[in-house]
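Peer 1: Predicted coordinates and the sequence they were generated for:
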Amino acid sequence: MTGAPVVGPAGMVPAQPRPTLRERWARRPPSLGFLVGAGMLVVYVIAALSALVVFRGSLDHLPENLTWVPLENPVGPSVAHPFGIMAGFGTDLFDAIWKATPWDLGIVASILAIDVFLGFFLGAIAGLDEGGPVDAVVTFTGDSLASIPTFLLAVVVFAGLFIVAPSAVGLPVFVVVFGIILWPTMARTVRERARIIAHQPYVEAARASGASFPRLLVRHVMPNSVGPVLAQVPLDVAPIFFVLSAFPWFWDCQYPGGEQLHYPPPPLPYLIPLLPPFSPLPSNSFPEWGYLLGFGTCEGFSFPGGFDYWWMYLYPLLAIVGLGLALGLLCDGIERWRQFDR
Amino acid sequence: MPRLGRSTETLVVSRRRLDAHVEGHPVTASLQEAPPTSGPRTDPSHPSVETSPQESRRPLLSGYAQYALRRLLLVPAQLVFILLVLYLVIDVPISLTQNPPESLFGINRGFFQMVFNIFTGNWGTTSYTVGETGFLKLQLPWTQVFAYYIPTSVQLAMFALPIAAALAYPVSLLAGWSRRPGLDASARFVTLTAALLPVFVVGTLVLNALFLGYLGYFQDVPSDGLIPGSAWFIVRGGYPSWILYDFATQPTGFPLVDALLHHAWTIAAISFTKTLIQASVVAVAYVAIFFRHARSIARSVREEVYIVGARSRGISEHTLLWRHAARAVAPSFFLVFALTIPEYLGVQFAVELAFVDQSNFGYLIFASLTASDFSLFVPLVFLIAILVLGWALIVDLIALRLDPRGPAGR
């Protein structure tokens, strides 16, 4: 009887060695989307780390080069400037986007971390505690806050803080405020899943055998409620960049008061944008993708009806959409892997 | 086999206890094969018939009415909570730092005064401090400003929502239903990309792409609100009398309806095309948001027992999809819409802004922020919250009535 399975201590389950990482990889290789998403994210991280080294002393401002700012005919992409020149700043757009990478990855990662921590934790507790006081508080607060458009709430809260202490408010406070604003949507979807998980037979069995609330939460409910988090994370990138880009764009292009404030026109280069009020950015030459996109959308159209300066908005847009897609592909791949596991 | 014997005995004993416990319960009685002739259902002298609390006491309200009442009472509580948040983030900071203008609600008067003012319709006045524009410098009451702006936003929404529904319904259903991974993956890819594009960028791109063609055909610009631009009127000898200050129209306020009422066919045509263009941008951007929620619903319907059963009996996929699944997902899709109204409003505000329409809410929000006038936000957020919470309430009640097992019934 050489091939007989080894009988475990319970007398029922044959003991099997845990598969190694290599065996798991061979059994279910990750999907193409996962690899592409992970690869894109690695490129972003490498770009951010290299920018920290390359632009060591000048990471927080864009250089202005007046010879690169012809008012009538901005310089497009060429070998010397692969992404062209951003009018107004008079800066190489490739360098500007590269320089902005560590800042933007930091902003997005911090906001998403707060968002996921709050949404996942509170949603899972509410789902497990269905009908209880925690559930009531989380659902009530979340539903109330979620009835206000995200960008509106974020901006109003930020502006309120700005009034109280303008000097103390900057990117860190913006990140914390936005992370706190985003959690209700996350918590709501997580709660729905956690509620279903909490009624599964294995959770009932664990509860009947005396498992405590924290153990049920950490051991059973949270690991099985990751799916909604993975679905929501890429979507939560969108409002961040909407707020960061919409206000510079509006301030420069749309707002008549903004135009009035430009008079009398400041000395050349007059196209250098002014920061909108309540901007989280520290200066008007701060490298940030949303800011570049807002300004590029304003200056990039040879209005009316022309797309002549397309590089000014296309490349910042590609940087933003690329980050969101990388996160989307990665999260989708992880979710598919987890489902395959079952 | 002593073990088996003992456990059987235990089983028998507990079965007897159970029977004794539930004896007399109407459901148990009806389940018995031969109901006793002198049981509690037939014997009027049996004590359980006269004194049974289950039969004699009926609840004052049905379960549905109780749920409806609870949900209805929740809405004012949520509104007050939102006002509390606004009080803390707007009014308190301003009262701490600035001399409060008269138009702000709670300042120096406390939270309860603010709640009272809001619920009694005292919504304050415009008080621009920088960049005064339009009639806002006139210090009008916000209620009057909203009355000017709501019809144009409603006209846009009346166009955008049917277009969004016509796009989102079949796309979500097809992508969730299809077993081909390619279709689903590409639909997810496209919608995630669309969700990541800032709407004002898309709006500006569309505006620019249409600009010259529109100008050539209508002698008008596709921007500048939902009526022709000022240059168009100046060339034709000025504004007609039914178009008021800041492009508000009379008598209804809806530009398209008013143009038709005054037989101004060209203005109506221009208003129609402008609304259609803006509504299409709103719809495409909103479908991207809607799709992420709706796809999983269509997917779960695919595995429903009655669908699988019908498929096994040879009903065609086409019939299953468009007759059965399409009907089954409708209540859930309404719930998704109720959940995503805030996102829809955000999209519409941004599109209104991108098309340089100065008489709308998108413009008001951005202009108020950049002009440091916060008196807008309390009434505006209150208005949005009423809309969102009210719609969520209605949809929840309808969905629960249609299908008590659905998400609202939990």
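Peer 2: That came through fine. Numbers count the residues shown, from 1 in each chain, chains lettered A, B, ... in the order given.

Peer 1: Below-threshold pLDDT in chain A: ranges please.
Peer 2: Applying pLDDT under 70 to chain A flags the ranges A:1-15, A:65-73, A:254-272, A:302-304, A:340-342.

Peer 1: and if we set it to 50?
Peer 2: A:1-3, A:7-8, A:256-270, A:342 (pLDDT under 50).

Peer 1: ok, longest helix in it?
Peer 2: Counting by DSSP state H, the longest helix found in chain A is helix A:93-128.

Peer 1: How about that one and chain B, any contact?
Peer 2: No - under the criterion of Cβ under 8 Å from any Cβ of the partner chain, chain B is not reached by helix A:93-128; the shortest gap measures 11.1 Å. No exception for glycine: its C-beta is placed from N, CA and C like everyone else's.

Peer 1: Any buried residues in that helix, and which?
Peer 2: Buried residues in helix A:93-128, counted by 16 or more other Cβ atoms under 10 Å in any protein chain shown: A:93-105, A:107-108, A:110-112, A:114-116, A:118-128.

Peer 1: distance between that helix and the chain's centre?
Peer 2: Put simply, helix A:93-128 sits 5 Å off its chain's centre (Cα atoms, centre = their mean, to the nearest Å).

Peer 1: Just the CA trace of stretch A:104-123, in CSV.
Peer 2: The C-alpha coordinates for stretch A:104-123 follow below in CSV (Å, rounded to 0.1, in the frame of the first residue of the first chain):
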residue,chain,number,x,y,z
ASP,A,104,1.1,62.4,-7.8
LEU,A,105,1.8,58.8,-6.9
GLY,A,106,2.2,60.0,-3.3
ILE,A,107,-1.1,61.9,-3.4
VAL,A,108,-3.1,59.1,-5.0
ALA,A,109,-1.5,56.4,-2.8
SER,A,110,-2.2,58.3,0.4
ILE,A,111,-5.8,59.2,-0.5
LEU,A,112,-6.6,55.6,-1.5
ALA,A,113,-4.9,54.3,1.6
ILE,A,114,-7.1,56.4,3.9
ASP,A,115,-10.2,55.7,1.7
VAL,A,116,-9.6,51.9,1.8
PHE,A,117,-8.7,51.8,5.5
LEU,A,118,-11.8,53.6,6.5
GLY,A,119,-14.2,52.2,4.0
PHE,A,120,-13.1,48.6,4.3
PHE,A,121,-12.9,48.6,8.1
LEU,A,122,-16.2,50.4,8.7
GLY,A,123,-18.0,48.6,6.0
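
Peer 1: Which residue ranges of the stretch 51-200 of chain A form helices?
Peer 2: Residue ranges of the helices in the stretch 51-200 of chain A, as given by DSSP state H, counting those that start in this stretch, are A:93-128, A:133-146, A:150-164, A:171-198.

Peer 1: elements contacting the first one?
Peer 2: It refers to helix A:93-128. Helix A:93-128 sits against helix A:32-54, strand A:85-86, helix A:133-146, helix A:171-198, helix A:226-232, helix A:237-249, helix A:289-299, helix A:311-341, with contacts defined as 3 or more Cβ pairs under 8 Å, 6 or more residues apart in numbering or on different chains; DSSP states H and E.

Peer 1: Would you mind getting the angle between it and helix A:32-54?
Peer 2: Interaxial angle, helix A:93-128 versus helix A:32-54 (axes from the mean of the first three to the mean of the last three Cα atoms, to 10 degrees): 130 degrees.

Peer 1: neighbouring contacts of stretch B:230-239?
Peer 2: With contact meaning Cβ atoms under 8 Å, 6 or more residues apart in numbering or on different chains, stretch B:230-239 is reached by B:Phe218, B:Gln219, B:Asp220, B:Val221, B:Asp224, B:Ile243, B:Ile270.

Peer 1: For these, point out the one with the lowest pLDDT.
Peer 2: Confidence by pLDDT is poorest for B:Asp224 among the contacts of stretch B:230-239, given 78.

Peer 1: name the element that one belongs to?
Peer 2: In the assignment (DSSP states H and E), B:Asp224 maps to no helix and no strand.

Peer 1: and it, how many neighbours?
Peer 2: Residues lying near B:Asp224 (other Cβ atoms under 10 Å in any protein chain shown) number 19.

Peer 1: repeat for the one 3 residues further on
Peer 2: Applying other Cβ under 10 Å, we find 27 other residues in the vicinity of B:Ile227.

Peer 1: do the one 5 residues further on as well
Peer 2: Neighbour count of B:Trp232, defined by other Cβ under 10 Å: 17.

Peer 1: Likewise for the one 3 residues further on?
Peer 2: The criterion is other Cβ under 10 Å. On that basis, B:Val235 has 11 neighbouring residues.

Peer 1: any idea how far chain A is from it?
Peer 2: With distances taken as Cβ to the nearest Cβ, to the nearest Å, B:Val235 is found 17 Å from chain A.

Peer 1: Near chain B, which residues of the stretch 1-150 of chain A are found?
Peer 2: Proximity of the stretch 1-150 of chain A to chain B (Cβ under 8 Å from any Cβ) is limited to residues A:Gly33, A:Phe140, A:Thr141, A:Asp143, A:Ser144, A:Leu145, A:Ala146, A:Ser147, A:Ile148, A:Pro149, A:Thr150.

Peer 1: so which pair among the residues you listed is furthest apart in space?
Peer 2: Within the residues of the stretch 1-150 of chain A next to chain B, two members stand farthest from each other by Cβ to Cβ: A:Gly33 and A:Phe140, at 37.7 Å.

Peer 1: The two: who's more crowded?
Peer 2: A side-by-side neighbour count of A:Gly33 and A:Phe140, using other Cβ under 10 Å, places A:Gly33 first with 19 against 14.

Peer 1: Next up, the contacts around that one.
Peer 2: Going by Cβ under 8 Å, 6+ apart, A:Gly33 touches A:Leu329, A:Asp332, A:Gly333, A:Arg336, B:Ala185.

Peer 1: how many neighbours does the residue nearest to it when sequence neighbours are not counted have?
Peer 2: With Cβ to Cβ, 6 or more residues apart in numbering or on different chains as the criterion, A:Gly33 has its nearest non-adjacent residue at 4.5 Å, and that residue is A:Leu329. Counted with other Cβ under 10 Å, residues neighbouring A:Leu329 total 26.

Peer 1: which residues touch A:Leu329?
Peer 2: Neighbour list for A:Leu329: A:Gly33, A:Phe34, A:Val36, A:Gly37, A:Met40 [criterion: Cβ under 8 Å, 6+ apart].

Peer 1: Buried subset of those, written for ChimeraX?
Peer 2: Selection command for ChimeraX covering only the buried members of the contacts of A:Leu329, criterion 16+ other Cβ under 10 Å:
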select /A:33,34,37,40
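
Peer 1: could I get the contacts of A:Leu329 as CSV with distance to B:Arg58?
Peer 2: Formatted as CSV, the contacts of A:Leu329 follow (distance: Cβ to Cβ, whole Å):
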residue, distance to B:Arg58
A:Gly33, 58
A:Phe34, 58
A:Val36, 63
A:Gly37, 59
A:Met40, 63
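
Peer 1: Chain B: which of the contacts of A:Leu329 is nearest?
Peer 2: The closest of the contacts of A:Leu329 to chain B turns out to be A:Gly33 (Cβ to the nearest Cβ; 7.1 Å).

Peer 1: where's the closest one relative to A:Pro149, distance?
Peer 2: Distance, A:Gly33 to A:Pro149, using Cβ to Cβ, to the nearest Å: 31 Å.

Peer 1: same deal with A:Arg195?
Peer 2: 26 Å.

Peer 1: And those two? Which one has more around it.
Peer 2: Using other Cβ under 10 Å as the criterion, A:Arg195 and A:Pro149 rank with A:Pro149 on top: 24 against 21.

Peer 1: Is stretch B:187-207 in proximity to chain A?
Peer 2: Yes - residues of stretch B:187-207 contacting chain A under Cβ under 8 Å from any Cβ: B:Arg188, B:Phe189, B:Leu192, B:Thr193, B:Ala195, B:Leu196, B:Leu197, B:Pro198, B:Val199, B:Phe200, B:Val201, B:Thr204.
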